[in-house]
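[1] Model the structure of this input:
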Amino acid sequence: MEDLKKLIREVPGFPKPGILFYDITTLLKDRCGLRAVIDGLKEHYRETQVDVVLGIEARGFIFAPALAYALGAGFVPVRKPNKLPAERVSVTYDLEYGTDRLEMHKDAVGSGARVLIVDDLLATGGTAAAAARMVREVGGTVAGLGFVVELTFLNGRRKLAGDEVFSLLQYDK
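    Prediction:
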């Protein structure tokens with residue numbers, strides 16, 4: 001999996017000075033790289049009972065449906081506010097500078113459903129923790145949280161303590 005790092009473009013100073021942005025679009029366009037990501041996540045979760053794979057807007061939408069298909073599970077989108085038409089459950093969470101909110105359809109996760117939460121990146125963990133909170137609020141069980149890239153130096157796993165967390169690639173700085 002470490003070879004996949006060669007397919008990820010590092011962009012210094014984006015979105016602001018001092019930040020190093022890990023751009024996965026260069027990984028996505030590579031047919032072998034994209035296949036390796038989906039296959040790697042599938043391999044890790046193939047023995048896990050998963051009813052639905054929840055993808056967080058926007059880049060989680062790239063990986064979650066493909067993984068859901070590979071695991072024989074359904075797909076649930078978690079969206080930014082006011083994007084879903086039916087009754088919603090929402091959670092507000094803290095960002096570095098302010099707050100944000102995520103929503104999903106209230107009936108998207110049934111009581112007792114085993115949910116795998118998937119996103120492209122684990123940084124500080126706030127977004128993933130918010131998604132897990134919503135799953136539990138509607139009676140679902142978090143079966144795991146899977147990420148393509150983890151920025152380990154930001155300690156995002158702390159906010160996900162007690163849950164199984166997996167990432168294909170880790171960056172230590």
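
[2] Return the list of strands paired to whichever strand or helix holds residue 54, each annotated with direction.
    For residue 54, the enclosing helix or strand under DSSP states H and E is strand 52-56. Sheet pairing for strand 52-56, assigned by DSSP bridges, gives strand 74-78 (parallel), strand 114-122 (parallel).

[3] Relative to residue 16, which of the ones you listed is closest?
    Between residue 16 and the strands paired with strand 52-56, the tightest spacing by C-beta to C-beta is seen for strand 114-122, at 16.7 Å. For the C-beta atoms, the positions are set from N, CA and C on the backbone; glycine is no exception.

[4] Residue 5 is in contact with residue 36, correct?
    No - Residue 36 is beyond contact range of residue 5, at 11.5 Å (criterion: C-beta atoms under 8 Å).

[5] tell me, what residue is most central in this protein?
    residue 119 (1.7 Å; C-alpha atoms, centre = their mean).

[6] Contacts only, for that one.
    Contacts for residue 119 (C-beta atoms under 8 Å, 6 or more residues apart in numbering) come out as 55-56, 59-60, 63, 127-128, 131, 145, 147-148.

[7] And residue 49, what's its pLDDT?
    pLDDT for residue 49: 98.

[8] ok, and the closest non-adjacent residue to it?
    Using C-beta to C-beta, 6 or more residues apart in numbering and skipping residues adjacent in sequence, the residue nearest residue 49 is residue 114, 5.1 Å away.

[9] same question, residue 53
    Of all residues not flanking residue 53 in the chain, residue 68 sits nearest, at 3.9 Å (C-beta to C-beta, 6+ apart).

[10] Remind me which helix or strand that neighbour belongs to.
    helix 60-71.

[11] export that helix as CSV, just CAs?
    Coordinates of each C-alpha in helix 60-71 appear next as CSV, following Å, rounded to 0.1, in the frame of the first residue of the first chain:
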residue,chain,number,x,y,z
GLY,A,60,-16.4,9.8,0.9
PHE,A,61,-18.9,9.5,-1.9
ILE,A,62,-16.1,8.3,-4.1
PHE,A,63,-15.1,5.3,-2.1
ALA,A,64,-18.2,4.3,0.0
PRO,A,65,-20.5,3.2,-2.9
ALA,A,66,-17.7,1.1,-4.5
LEU,A,67,-16.9,-0.5,-1.2
ALA,A,68,-20.6,-1.1,-0.4
TYR,A,69,-20.9,-2.9,-3.7
ALA,A,70,-17.8,-5.0,-3.1
LEU,A,71,-19.1,-5.9,0.4
